[in-house]
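Student: After the sequence you'll find the predicted model.
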Amino acid sequence: MPLALTPAARRIVQAVLYEAIAITAVGPAMAWLFDAPMASSLALALLLSSVALAWNWVFNGWFERWEARQAVKGRSWRRRLAHGIGFEGGLVVMLVPLMAWWLNTTLWAALLADLGIVAFFFVYAVAFTWAFDRVFGLPESARANPGNPHAEHA
């Protein structure tokens, strides 16, 4: 039985949990990949995470409003992939300039460096939202019967 949360609490829990796991994975990976001090890599991971946390709140709000207007309810893998592409695409636009500044490099070099991170986060975002929905249930926007936190997962 999924854990029921209000829509606002659900988005807060989802965003904070998503970013906490991300920092734990990305900070050490960036230190290793960029041969950078752990403190600098963790600071960059925290900065990137802060931007991502704000984007998560905004993007998921937009996505759920769009999703609520759809005739077909639920979250198919196609819809989950669209969510992942939209979320990660928005992050690339915001984070590449930030990474270029932090790493003192060009936008092109930052984009290339970000590609591995984007690939990881695309898979992570899709898997995380699937797992989160399994634990907390679908948001009202994706339920066949709004108001029923125990509606089936798509």
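Tutor: In hand now; what should we look at?
Student: Tell me the buried residues in the helix or strand containing V118?
Tutor: Assigned by DSSP states H and E, V118 belongs to helix 107-136. Neighbour-count burial for helix 107-136 flags 110-111, 113-114, 117-118, 121-122, 124-126, 128-129, 132-133, 136 (criterion: 16 or more other CB atoms under 10 Å). Using the backbone N, CA and C atoms, a C-beta is placed for each residue, glycine as well.
Student: Against which helices or strands is that helix packed?
Tutor: helix 7-33, helix 77-103 (3 or more CB pairs under 8 Å, 6 or more residues apart in numbering; DSSP states H and E).
Student: Which of these has the lowest mean pLDDT?
Tutor: Note on the helices and strands packed on helix 107-136: lowest mean pLDDT is at helix 7-33, with a mean of 85.
Student: Measure how the helix or strand following that one sits relative to helix 7-33, angle-wise.
Tutor: Note on helix 7-33: by DSSP H and E, the next helix or strand toward the C-terminus is helix 38-68. Between helix 38-68 and helix 7-33, the angle comes out at 140 degrees (axes from the mean of the first three to the mean of the last three CA atoms, to 10 degrees).
Student: What helices and strands are in contact with helix 38-68?
Tutor: Counting by 3+ CB pairs under 8 Å, 6+ apart, helix 38-68 packs on helix 7-33, helix 77-103.
Student: Mind putting these into a markdown table with mean neighbour count?
Tutor: Output for the helices and strands packed on helix 38-68, formatted as a markdown table (neighbours: other CB atoms under 10 Å):
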| stretch | mean neighbour count |
| --- | --- |
| helix 7-33 | 16 |
| helix 77-103 | 16 |
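Student: Distance to A54 added to those, as TSV?
Tutor: Converted to TSV, the helices and strands packed on helix 38-68 look like this (distance: least, CB to CB, whole Å):
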stretch	distance to A54
helix 7-33	9
helix 77-103	9
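Student: okay, which residue is most central for the protein?
Tutor: Residue closest to the average C-alpha location in the chain (CA atoms, centre = their mean): A125, at 4.9 Å.
Student: Now do the contacts for the closest residue to that residue other than its chain neighbours.
Tutor: The shortest distance from A125 to any non-neighbouring residue, by CB to CB, 6 or more residues apart in numbering, is to G84 (4.6 Å). By CB atoms under 8 Å, 6 or more residues apart in numbering, G84 lies in contact with F122, A125, V126, T129.
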